[in-house]
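Engineer: Have a look; sequence and predicted model below, questions after that.
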There are 2 protein chains.
Amino acid sequence: MAPVNNIVQINNNDHPPKYKVTIVGSGNWGSVASKLIASNTLKLSSFHDEVKMWVFEETLPSGEKLTDVINQTNENVKYLPGIKLGRNVVADPDLENAVRDANMLVFVTPHQFMEGICKKLIGKIRSDAQAISLIKGMEVKKEGPCMISTLISQQLGVNCCVLMGANIANEIAVEKFSEATVGFRGNREIAENWVQLFSTPYFMVSACQDVEGVELCGTLKNIVAIAAGFVDGLDMGNNTKAAIMRIGLREMKAFSKLLFSSVKDSTFFESCGVADLITTCLGGRNRKCAEAFAKNGGKRSFDELEAEMLQGQKLQGVSTAKEVYEVLKHKGWLEMFPLFTTVHEICTGRLPPTAIVEYSEHAPKFPIAVNPDAFQ
Amino acid sequence: MAPVNNIVQINNNDHPPKYKVTIVGSGNWGSVASKLIASNTLKLSSFHDEVKMWVFEETLPSGEKLTDVINQTNENVKYLPGIKLGRNVVADPDLENAVRDANMLVFVTPHQFMEGICKKLIGKIRSDAQAISLIKGMEVKKEGPCMISTLISQQLGVNCCVLMGANIANEIAVEKFSEATVGFRGNREIAENWVQLFSTPYFMVSACQDVEGVELCGTLKNIVAIAAGFVDGLDMGNNTKAAIMRIGLREMKAFSKLLFSSVKDSTFFESCGVADLITTCLGGRNRKCAEAFAKNGGKRSFDELEAEMLQGQKLQGVSTAKEVYEVLKHKGWLEMFPLFTTVHEICTGRLPPTAIVEYSEHAPKFPIAVNPDAFQ
């Protein structure tokens, strides 16, 4: 499909303005997101048909440019081969050009690129733009996590929602039933717009007014997946694995609530909470590498296992565990979070993998200043 | 160890009265419970060392009586072979005699036997007796579920707690790390007594003031396990399975809250809630038979599969789904519980197994009279 005209809002009395969507990112999950979105913009009159997708340009082994191939075949042959994205998806290697006309911006890049991308976009986006982040993982600094949605909001001066959930991209690509959660801050109408844009019969999206809770779920679950992987590697069985996942969910909830008093318990019952935790602890690369780590008795490092097992993909759980450990230490909360703490100490070789079930002989301890309700 | 004296409470000024424990039931889980308990009564001064276990007498192929073999070998050779129960466990085939001296009664029989057992025990137990039920499954009647703890309370005139959780008996028997939840109604001190009696370094027990919520988790999870088994049989992947488990947990919570306004959200984050659900949906006989049912396209009945796969054990999920369906129909709640409803309709052949992921195109509908907060 040829790019449609550049006039982005048909604004006369008969037709309300239409939303124009650009996806920033075109990896595996970004490509699946473009497929979901493109099917909806064709159907729904409130959106322009055309969906732009910014693609970090690469030259394929054939000598062709990736964007050219996507625009000719409607497939991201490198990151989502075999799946048609929709003829109304237009790949664009020029970031500024890709976002220029959009008032709905979907961010879905590896998280370490977001700071650079934001810098490039300052002053280049529409004043009425809304943003959503599909990026799991974030920078956790000693003072607390620097959330990607906050980074986008602050750098670009836009409202930013998040979309998280039990979302294995390749399973959604082949239209297996799945769910997701949109986390939003104030405006429910905008959240409902995002829900409409992503929902399909096989992808059920619901909105949850708790942007921090939803976003923290997406990153903290990776620490629990490391713990679950240790249990698998030690052959401890389903009982123990379920117990460790439950303790992990409890620590995710408590950590989030202590950092942001606005975080709601109910968020952890949403797809972004318990469902994403389950998916990640059943499959997932964090679990897989942690299993191998425990099977080797901790004698082969995560760096080594990652290089061998993940073909260049990165393991987020180990670095998130380290970052969360720093926050816990800084705040004096280590004893309240025995699972998070033990995962980090196993990853760094200070404790053996078997410690994952021994730590828990010690119930969490609460310093007087801390509200134990966070653990309820 | 020879049975100790029959004076159950040494009550002088130097020693507070001691609790005397009897376990009613000696199957797989009952035997594991006796092992946990017997290790604690030896250690803790507030309990008599001796633990009585009522055993439904059987003659073994060797011609010996099961109780004799248990008392000679300290092993339940039929239901938990290879595991020492503790020398202070005394098997007794006489129900009345077994309970006569006890003031802590642990009920752990198949649920269909409880009504008969209660009838036999009326007027035969101590007036200061406390009870706890480890029995998962209950009679769900149209007016609502008749909970086992209520049956025990009403028939015997005693306070009855429950203990539920992610508890695969054979894994706990070999001391793999696990958790459980004690649900109690009013008296936290009594609940803490039960927590003490069951807790070991590998079995972490916590108390939760929500007896109905804890008990309902133990039975409703089996419906969700049937749904999870269908997803496995259809080869839908972890994403879909996690979504179905999450929707199931949501319906468990909503159903419990609508039946008992005292039920707490936080109960579903305990071992009895999310952890037991995970264990049951990963392993477990309900999941396994439902997987086979879906693989056969629903063409072989559950009765047939049960007979073939379970060696005489019973499948609770199918009958619980039917009973819950009757309640939902009676109350006019069918459309609010698409997952529970669909499981029953698949089990009875009215819908194909694939409907498990199609039903969910329809979000639950709320009649005006019902508080939608139950679903939050």
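Structural biologist: All right, it came through fine. Residues are numbered from 1 along each chain as shown, chains lettered A, B, ... in the order given.
Engineer: which SSE is the nearest residue to A:T348 once chain neighbours are set aside in?
Structural biologist: Of all residues not flanking A:T348 in the chain, A:K322 sits nearest, at 7.8 Å (CB to CB, 6 or more residues apart in numbering or on different chains). For every residue, glycine as well, the C-beta is placed using N, CA and C. Per DSSP states H and E: A:K322 is located in helix A:316-331.
Engineer: quick one: is whatever helix or strand comes next after that helix near chain B?
Structural biologist: In the C-terminal direction, the helix or strand that comes right after helix A:316-331 (DSSP H and E) is helix A:338-347. No - Helix A:338-347 stays clear of chain B (CB under 8 Å from any CB of the partner chain), getting no nearer than 11.4 Å.
Engineer: quick one: average confidence on the helix or strand that helix A:338-347 is followed by?
Structural biologist: The C-terminal neighbour of helix A:338-347 among helices and strands, as given by DSSP H and E, is helix A:355-358. Across helix A:355-358, pLDDT averages out at 89.
Engineer: Helix A:355-358 packs against which elements?
Structural biologist: If contacts are counted by 3 or more CB pairs under 8 Å, 6 or more residues apart in numbering or on different chains; DSSP states H and E, helix A:355-358 sits against helix A:211-233, helix A:237-259, helix A:338-347.
Engineer: Return the residues in contact with the residue nearest the centre of chain A.
Structural biologist: Central residue of chain A (CA atoms, centre = their mean): A:K136, 2.4 Å from the mean position. Contacts of A:K136 were listed using CB atoms under 8 Å, 6 or more residues apart in numbering or on different chains, and they are A:111, A:164, A:218-219, A:222, A:316.
Engineer: So it: helix, strand or coil?
Structural biologist: The local conformation at A:K136, judged by DSSP: H, G, I helix; E, B strand; the rest coil, is coil.
Engineer: hang on, the residue nearest to A:T348 packs against A:V343?
Structural biologist: No - checked against CB atoms under 8 Å, the pair A:K322 and A:V343 is beyond contact range at 9.6 Å.
Engineer: So for those two, which sits in the more crowded spot?
Structural biologist: Ranked by neighbour count (other CB atoms under 10 Å in any protein chain shown), A:K322 and A:V343 place A:V343 first, with 34 against 15.
Engineer: Contacts only, for the more buried one.
Structural biologist: A:223, A:226-227, A:230, A:317, A:321, A:356.
Engineer: Look up the pLDDT of the residue lying closest to A:M236 once chain neighbours are set aside for me, please.
Structural biologist: Distances taken as CB to CB, 6+ apart place B:K176 nearest to A:M236, at 5.4 Å, with adjacent residues excluded. B:K176 carries a pLDDT value of 93.
Engineer: One more: the one 10 residues further on?
Structural biologist: As predicted, B:G186 sits at a pLDDT of 87.
Engineer: Now do the end-to-end distance for stretch A:62-82.
Structural biologist: 17 Å (CA to CA, to the nearest Å).
Engineer: Now it: buried residues?
Structural biologist: Buried residues in stretch A:62-82, counted by 16 or more other CB atoms under 10 Å in any protein chain shown: A:65-67, A:69-71, A:74-80.
Engineer: Distance from the least confident helix or strand in chain A by mean pLDDT to the middle of the chain?
Structural biologist: Least confident helix or strand, chain A: strand A:139-141 with a mean of 72, by mean pLDDT, DSSP states H and E. Distance of strand A:139-141 from the chain centroid (CA atoms, centre = their mean, to the nearest Å) equals 15 Å.
Engineer: picking up where we left off before, of the helices and strands packed on helix A:355-358, flag the one that's most buried.
Structural biologist: helix A:211-233 (a mean of 28; mean count of other CB atoms under 10 Å in any protein chain shown).
Engineer: related to what we said a few turns ago, so the helix holding A:K322 versus helix A:237-259, what angle?
Structural biologist: Inter-element angle recorded for helix A:316-331 and helix A:237-259: 50 degrees (by axes from the mean of the first three to the mean of the last three CA atoms, to 10 degrees).
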